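Novice: make a model of this:
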Amino acid sequence: MILCGSGSALAEGDQANDPVVASVNGVEIRQSEVRKTLAGAGMANPTPEAERSAINALIQQELLVQEAYKEELEKSGEVKAEVAEATRKILATTALKHHLQRRKLTDQELRQRYDQAIASLPRREYRLRHIVTGTRSKAAVVLDRLCQGGNFSVLARGSLDKATADRGGEVGWQNAQTLPTSALALVEKLKPGQIGGPILSGAGWEVVQLMEVRPVARPTFAEVKPQLRQQLQQETVQQLVQRLAASSQVEVFLAPPPGEPVASALR
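Specialist: Numbering: from 1, shown residues only. Below you'll find the model as predicted:
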């Protein structure tokens, strides 16, 4: 009797925490449904007007659902097909959630991935400006003029790189991951204010000036922890799909793109 009484009290408590906000022909709509609707719309702190709008939308939905049952639309092939498709998606999503819940990511794993990412970052970045010409000889002429005191911004107006020509040749901050090998090799030999070249790049023959050097900013572990967690979760999902595919008989009957194996998407 005590257990039953406790259970009844809990049930009443649950209902008190989730009150009925509307009723349609005896079908109750509870506050939890309203919260779920608002959350799905991205409203974490909804206004009273937004809550009323959500309640009205749920009432309209329930009216239409009841009308559909009256007409026995749930028995139609169209509805059955859509229900089956929705069920497949829900089951697939739930399977992934359960797998991720079982595969607990530790701070040690996240910290290890963070250390790897930080180690791969360039240590310095360079603020540059350049002038691009069509031939090595033209670039040599530009370099000679600059060495004789020519104005870099003025000469940059004739650069083939029109995106930077109006900015005095200003390229912005670059690093070892964004610079071509030839440009990086030159820049690493320069001191701030120095000009070098010509070098050949994909844009043409360049004359480059190093303006500033600074250390690359490194994000803290706390700043990138959510991103690292998401990255590792995506890898976990890929590994699950690969493992399932490896232990299953998967056949693809559509021709793959030229040069691509049929099952490459699963590997």
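Novice: going forward, measure contacts between C-alpha atoms and count neighbours the same way
Specialist: OK.
Novice: where does Arg214 land in three-state SS?
Specialist: Look at Arg214: counting by DSSP: H, G, I helix; E, B strand; the rest coil, its state is strand.
Novice: count of neighbours near it?
Specialist: Other residues lying near Arg214 total 11 when counted by other Cα atoms under 10 Å.
Novice: residues in contact with it?
Specialist: Arg124, Glu125, Tyr126 (Cα atoms under 8 Å, 6 or more residues apart in numbering).
Novice: tally of neighbours for Thr87?
Specialist: Neighbouring residues of Thr87 were enumerated by other Cα under 10 Å; the total is 12.
Novice: and it, that's in a helix?
Specialist: Yes. Judged by three-state DSSP, Thr87 forms part of a helix.
Novice: that one and Thr94, how far apart?
Specialist: When distance is defined by Cα to Cα, to the nearest Å, Thr87 is 10 Å away from Thr94.
Novice: residues in contact with the residue most central in space within the chain?
Specialist: Centroid-nearest residue in the chain: Gln227, 8.8 Å away (criterion: Cα atoms, centre = their mean). If a contact means Cα under 8 Å, 6+ apart, then Gln227 has no contacts.
Novice: confidence score at it?
Specialist: Note on Gln227: pLDDT of 92.
Novice: same question, the one 3 residues further on
Specialist: Gln230 is assigned a pLDDT of 91 by the prediction.
Novice: quick one, helices of the stretch 1-150 of the chain?
Specialist: 2-17, 31-40, 48-70, 77-102, 107-120, 136-147 (DSSP state H, counting those that start in this stretch).
Novice: how far out from the middle of the chain is the fourth one?
Specialist: This means helix 77-102. Distance of helix 77-102 from its chain centroid, counting by Cα atoms, centre = their mean, to the nearest Å, is 24 Å.
Novice: again with the third one
Specialist: Between the centre of helix 48-70 and the centre of its host chain there is 34 Å, according to Cα atoms, centre = their mean.
Novice: what residues does that helix touch?
Specialist: Contact with helix 48-70 is made by Val21, Ala22, Ser23, Val24, Ile29, Val34, Thr37, Leu38, Glu74, as judged by Cα under 8 Å, 6+ apart.
Novice: residues near Tyr114, how many?
Specialist: 18.
Novice: and Leu210, helix, strand or coil?
Specialist: Assigned by three-state DSSP, the conformation of Leu210 is strand.
Novice: same thing with Arg167?
Specialist: Here Arg167 is recorded as coil under three-state DSSP.
Novice: try Thr178
Specialist: Three-state call for Thr178 (three-state DSSP): coil.
Novice: next one: it, what pLDDT does it get?
Specialist: Reported pLDDT for Thr178: 91.
Novice: who's in contact with Gln31?
Specialist: Asp18, Pro19, Val20, Val21.
Novice: quick one: low-confidence parts of the protein?
Specialist: 1-16, 255-256, 259-267 (pLDDT under 70).
Novice: got phi/psi on Gln233?
Specialist: Per-residue torsions, Gln233: phi -70, psi -40 (degrees, to the nearest 10).
Novice: right, and it touches Gln101 too?
Specialist: No. The pair Gln233 / Gln101 is not scored as a contact, 10.2 Å apart, by Cα atoms under 8 Å.
Novice: which one of these two has more residues nearby?
Specialist: Between Gln233 and Gln101, counted using other Cα under 10 Å, the more crowded position is Gln233 (18 against 10).
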